[in-house]
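Chemist: This is a predicted model, with the sequence first.
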Amino acid sequence: MILVTRPEPAASRSARRFAALGHEVVVAPLMEPVTLVPDSFPDPAPGMVVALTSARAVEAMTGTPALARHWQVLRDLCVHAVGESTADAARRAGARDVRVAQGTLESLVALIAAWPPAGEVLYLAGRERSGDLAGLLAPHGVRVKMVEVYDMIARPVLDAGARAALSGAGELIAPCYSRRSAQALASALSDWPDRPPATFLVLSEQVGEPLAGLGRCLVAERPDEDALVALLPKTC
């Protein structure tokens, strides 16, 4: 049985995908997105481009009136997205010129450095970040202006309904898309001593580190959901 703990609305999208492949799915988000509205927001300047490391930033920019008016302007700039899912979110939100990296921060840096912008990079970021985009781009002569537009709040407890649904499973299979979601899952499972044996499908070794000792970890070949799905035949 597959346990999907990523935040909504991504959780429901993933659940539908796994269910379509014939798997039983339990959805129990352990992280909750919160939009952050900065006191001031930079105006677009000549040569400015936008950088995105998560689709959450797009959801924040389009889901709140105070930020949506800024996105109406920013979507006409060149957008550099960390991977395909983030790029798709930007396109759905009206971005017209989207360049796509290979799913890692390092590949995003390489993408931006390959076409250095004439102006600043406006990085629409989360409050918790796994890397320093500005620091990595500085040696390339690229300036970054970062604006935090969302945060992820951990709710690391599996409710009674989720536990009951999973208790009869021979194996609990949990895909993990970020290190913070893996940390929340580790906390939830540590408080559940009689849980089924677990297998974790993770986007990278770094993502899987918080789950060490709680079950076996399979690392995807690429940092995207397609690569996680490719791991399922090895576990089910």
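Modeler: That came through fine.

Chemist: Next one: the spatially most central residue of the chain from L137, what distance?
Modeler: Nearest to the geometric centre of the chain sits S54, at 5.2 Å (Cα atoms, centre = their mean). Distance of S54 to L137, given as Cβ to Cβ, to the nearest Å: 17 Å. In this view, the C-beta of every residue, glycine as well, is placed from N, C-alpha and C.

Chemist: can you check E106 too?
Modeler: Applying Cβ to Cβ, the value for E106 to L137 is 11 Å.

Chemist: what does A51 give?
Modeler: Taking Cβ to Cβ as the measure, A51 falls 9 Å from L137.

Chemist: And E106 and L137? Which one has more around it.
Modeler: L137 (21 against 13; other Cβ atoms under 10 Å).

Chemist: can you tell me the helix or strand for the more buried one?
Modeler: helix 133-137 (DSSP states H and E).

Chemist: Kindly format the C-alpha coordinates of the very next helix or strand once past that helix as PDB.
Modeler: Downstream of helix 133-137, the first helix or strand assigned by DSSP H and E is strand 144-154. The C-alpha trace of strand 144-154 is given here as PDB (Å, rounded to 0.1, in the frame of the first residue of the first chain):
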ATOM      1  CA  VAL A 144      20.100  37.300  -7.300                       C
ATOM      2  CA  LYS A 145      17.300  39.100  -5.500                       C
ATOM      3  CA  MET A 146      15.400  36.600  -3.300                       C
ATOM      4  CA  VAL A 147      11.800  37.000  -2.200                       C
ATOM      5  CA  GLU A 148      10.300  34.400   0.200                       C
ATOM      6  CA  VAL A 149       6.800  33.700  -0.900                       C
ATOM      7  CA  TYR A 150       5.900  30.500   0.900                       C
ATOM      8  CA  ASP A 151       6.700  28.300   3.900                       C
ATOM      9  CA  MET A 152       6.000  24.600   4.600                       C
ATOM     10  CA  ILE A 153       4.700  23.800   8.100                       C
ATOM     11  CA  ALA A 154       5.200  20.300   9.300                       C
END
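
Chemist: so after strand 144-154, what's the next helix or strand?
Modeler: That would be, after strand 144-154 and using DSSP H and E, helix 160-167.

Chemist: Check which residues of that following helix are buried.
Modeler: By neighbour count with 16 or more other Cβ atoms under 10 Å, helix 160-167 contains the buried residues A162, R163, A165, L166.

Chemist: Would you mind pulling the contact partners of that helix?
Modeler: M1, L3, V26, A28, L158, L172, W192, D194, R195, P196 (Cβ atoms under 8 Å, 6 or more residues apart in numbering).

Chemist: in terms of contact, does T53 touch T86 like I think?
Modeler: Yes: the pair T53 and T86 passes the contact test of Cβ atoms under 8 Å, sitting 7.0 Å apart.

Chemist: on that earlier part again, and the buried residues of helix 160-167, which two are the farthest apart?
Modeler: Pairwise distances across those (Cβ to Cβ) peak at 7.4 Å, for the pair R163 and A165.

Chemist: Going along the chain, name the strands of the protein.
Modeler: 2-4, 25-27, 31-35, 49-52, 78-81, 97-100, 121-126, 144-154, 172-176, 198-202, 216-219 (DSSP state E).
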